[in-house]
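Asker: whatever this is, show me its structure:
(one chain, ligands or ions: 1)
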Amino acid sequence: MAEHTPVLLEETMNALRPERGGVFVDATLGLGGHTLEMIARAEEAKQPIRIIGIDQDPYALEFAEERLGEKIEYLQGNFAELFQLRKKKIITAADGILMDIGVSSYQIDTPERGFSFMKNGPLDMRMDPDGTVSAATIVNTWPEHRIIEMLLSYGEERLAKKIAHAIVERRKKQRFTETADLAAVIIEQYHPTARHKKPHPATRSFQALRIAVNRELDSLVEGMDQALELLSTGGVLAIITFHSLEDRIVKQRFRAASDSGEYELLSKKPVVASRTEEVANPRSRSAKLRAIRHLPKP
Ligand SMILES: C[S@@+](CC[C@H](N)C(=O)[O-])C[C@H]1O[C@@H](n2cnc3c(N)ncnc32)[C@H](O)[C@@H]1O
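Answerer: Have a look, this model is predicted:
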């Protein structure tokens, strides 16, 4: 199993304060790194804690269950349907909710999932294997203008037009089925001197595809609204993002919530990784944590 180091661990615990005990929802369980720490802190403080771990990826849940066993409850699903927790009477409110969004290292490191341009695999990228749209669907069927728009808005790829055109020309002759194949077409659009630069030229396009396949921004908007509603008085919602678009969405929603007077921002600026964490875990470099607390009624 891939090693996964939870990002902003200390900072997330400072926001969520699991040592209070209570009902917590880890809406992006992944390999359970943050949840493991929540359990440890509650145990140390001798406070009972109940954690519901959600992930849309059933393989993530399997891995997490191997680590955490019966210490938590597991649910496969999208956090855009968080209200189901209340509807199905699993919980009435949550004292803490965590969303550590985006892709996990084990998903990237498993070539068969199709997230990686470094290791060849099927062009998939679905976190939920039952999802109807895969990366192959997008590159083989979407009209050119939609591919351009996706590459620009989700990947900030300045060669969006050139890449989209090359994709459309190539699929007329042969459909895309593998990640290496698509990566090769993307690299060819770069000037030869830029092809070996870091980050890898396919990084932005693959990120854009992943966000589109999993409708990540829509889920974030929907999930965040429901999470805010589910918080108990004093409950905290903590969100870790890895992309400026996502952070902007969280920032604006949290600002509107705090303007309503019902919630309090735990910090005005996002919390970012320390230099030490950045060196130890390069993935943390783009991570931003924002947290908000549900205030008692005056
Ligand atoms: C960055 S990892 C989480 C890592 C976790 N905090 C840990 O410490 O191991 C993100 C996980 O969230 C899941 N995920 C992303 N978007 C989701 C969504 N909308 N609903 C449910 N799970 C989601 C992914 O499948 C992935 O396993």
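Asker: list the buried residues for the helix or strand of the chain with the lowest mean pLDDT?
Answerer: Lowest on mean pLDDT, DSSP states H and E among the helices and strands of the chain sits helix 105-109, with a mean of 88. Neighbour-count burial for helix 105-109, counted by 16 or more other Cβ atoms under 10 Å, picks out 106-109. (C-beta placed from N, C-alpha, C; glycine too.)
Asker: same check on stretch 44-54?
Answerer: Going by neighbour count (16+ other Cβ under 10 Å), the buried part of stretch 44-54 is 49-54.
Asker: so what would you say the end-to-end distance of it is?
Answerer: 24 Å (Cα to Cα, to the nearest Å).
Asker: what mean pLDDT does it have?
Answerer: Averaged over stretch 44-54, pLDDT sits at 98.
Asker: just how off-centre is that stretch within its chain?
Answerer: 22 Å (Cα atoms, centre = their mean, to the nearest Å).
Asker: swap in stretch 105-120?
Answerer: 16 Å.
Asker: got the contact list for it?
Answerer: With contacts defined as Cβ atoms under 8 Å, 6 or more residues apart in numbering, stretch 105-120 is touched by 1-4, 30-31, 57, 59-60, 63, 103, 121-127, 134-135, 178-180, 182-183, 186, 200, 202-203, 206, 210, 283.
Asker: can you say which of these are buried?
Answerer: 4, 30-31, 57, 60, 63, 103, 121, 123-127, 134-135, 178-179, 182-183, 186, 202, 206, 210, 283.
Asker: which parts of this structure sit against the ligand?
Answerer: Within the chain, the positions lying close to the ligand (Cβ under 6 Å from any ligand atom) are 4, 6, 28, 30-34, 54-57, 60, 78-80, 100-102, 104, 127, 219.
Asker: which of the residues you listed fall within strands?
Answerer: When DSSP state E defines the strands, the subset of these inside them is 54-55, 100.
Asker: can you pull out the helices in the stretch 151-298 of the chain?
Answerer: Taking DSSP state H, counting those that start in this stretch to define them, one finds helices in the stretch 151-298 of the chain at 160-173, 179-188, 203-213, 216-230, 244-259, 275-280.
Asker: which of these is buried the deepest?
Answerer: Comparing these by mean neighbour count (mean count of other Cβ atoms under 10 Å), helix 203-213 ranks first with a mean of 23.
Asker: what helices and strands are in contact with that one?
Answerer: helix 135-141, helix 144-155, helix 179-188 (3 or more Cβ pairs under 8 Å, 6 or more residues apart in numbering; DSSP states H and E).
Asker: angle of it against helix 244-259?
Answerer: Calculated by axes from the mean of the first three to the mean of the last three Cα atoms, to 10 degrees, helix 203-213 forms an angle of 50 degrees with helix 244-259.
Asker: what mean pLDDT would you report for helix 203-213?
Answerer: 96.
Asker: what's the angle from it to helix 216-230?
Answerer: Using the same axes, to 10 degrees, helix 203-213 lies at 60 degrees relative to helix 216-230.
Asker: what sits up against helix 203-213?
Answerer: Contacts of helix 203-213 (Cβ under 8 Å, 6+ apart): 103, 115-117, 125-126, 131, 133-135, 138-139, 150-151, 153-157, 163, 179, 182-183, 186, 216-217, 243.
Asker: mind running it again at 6 Å?
Answerer: 117, 125-126, 133, 135, 138, 150-151, 154-155, 157, 186 (Cβ atoms under 6 Å, 6 or more residues apart in numbering).
Asker: just those residues now: which is nearest Arg170?
Answerer: Ile186 (10.5 Å; Cβ to Cβ).
Asker: and that closest one, what is it in contact with?
Answerer: By Cβ under 6 Å, 6+ apart, the neighbours of Ile186 are 163, 202, 205.
Asker: okay if I get those residues as TSV plus distance to Lys71?
Answerer: TSV is the format used below for the contacts of Ile186 (distance: Cβ to Cβ, whole Å):
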residue	distance to Lys71
Ile163	45
Ala202	39
Ser205	39
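Asker: CA atoms only for the least confident helix or strand of the chain, dumped as PDB, please.
Answerer: The C-alpha trace of helix 105-109 is given here as PDB (Å, rounded to 0.1, in the frame of the first residue of the first chain):
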ATOM      1  CA  SER A 105      -1.200   9.500  -3.300                       C
ATOM      2  CA  TYR A 106      -2.400   5.900  -3.500                       C
ATOM      3  CA  GLN A 107      -4.700   6.900  -6.400                       C
ATOM      4  CA  ILE A 108      -1.800   8.600  -8.300                       C
ATOM      5  CA  ASP A 109       0.500   5.600  -7.500                       C
END
